[in-house]
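Q: below are the sequence and a predicted model; questions follow.
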Amino acid sequence: MILTDVLGSLGVHNPSPIFTVLLAFHVLAGLTCVIAGAVAIISTKRRGRHPRFGTTYYWSLSIVFVSSTGMAGIRWSHDAHLFVLGAIAFTFASIGYSARRIRWKGWTSIHILGMSLSYIVLLTAFYVDNGPNLPVWKLLPTIAFWIGPSIIGLPLVARALLRHTHLIADIRATVRAATTALVIRGAG
């Protein structure tokens with residue numbers, strides 16, 4: 001079977017049927033994330049393409065997270081770090097997605113940070129897990145897979161924040177909104 005051969009080349013020998021199904025969903029959702037995230041990133045920040053592809057990215061990432069959680073549960077000693085990266089990516093994306101949907105004062109910076117950082121962590125997880133098996137990347141040291149996406153991505157995130165936000169004011173507004181929400185909940 002072709003899938004078994006591919007899994008064997010990636011170091012997964014005799015995978016269970018459940019693992020194989022989870023991996024199939026994981027790969028399809030991961031590819032969708034990479035494409036949808038890239039389209040959202042390069043799209044003009046207005047109604048239409050950007051939020052549509054951002055939403056596709058978010059829900060595909062949720063499938064990536066759920067499938068990676070299942071696979072890590074099956075092979076915890078091999079994949080625990082991937083579960084952690086998946087949880088971090090999904091948490092960042094959830095914060096960014098919520099900021100866009102709720103739109104509190106100062107939400108734009110939180111949206112950009114959350115969605116962008118989740119994309120960087122998604123790519124980090126991919127390269128950490130698959131980089132050593134990719135022909136072109138085999139020569140790189142392991143640390144390159146861990147920091148490469150951040151070295152490339154963080155300057156782009158900084159550029160987006162400078163172009164589209166007022167970062168300090170947005171963070172202050174977000175902290176005020178969160179503090180007010182906590183006070184109101186505590187009083188109620």
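A: Right, received. Where do you want to start? Numbering: from 1, shown residues only.

Q: could you say what helices and strands the helix or strand where I184 lies packs with?
A: Taking DSSP states H and E as the criterion, I184 maps to helix 167-187. With contacts taken as 3 or more CB pairs under 8 Å, 6 or more residues apart in numbering; DSSP states H and E, helix 167-187 sits against helix 107-130. The way it works is simple: take the backbone N, C-alpha and C, and place the C-beta from them, glycine included.

Q: just the buried residues of the helix it packs on, please?
A: Neighbour-count burial for helix 107-130 flags 107-129 (criterion: 16 or more other CB atoms under 10 Å).

Q: okay, now the unreliable bits of this structure?
A: Within the chain, the segments meeting pLDDT under 70 span 1-14, 187-188.

Q: what segments of it are strands?
A: Along the chain, no segments are classed as strands by DSSP state E.

Q: dead centre of it: give me the residue that sits there.
A: S118 (3.2 Å; CA atoms, centre = their mean).

Q: my guess is it contacts G96. True?
A: Yes. Between S118 and G96 there is a contact under CB atoms under 8 Å: 6.6 Å.

Q: do you know how far the nearest residue to R176 once chain neighbours are set aside is from A99?
A: Residue nearest to R176 in three dimensions, not counting chain neighbours: K105, with 7.7 Å by CB to CB, 6 or more residues apart in numbering. To A99, K105 is 11 Å away according to CB to CB, to the nearest Å.
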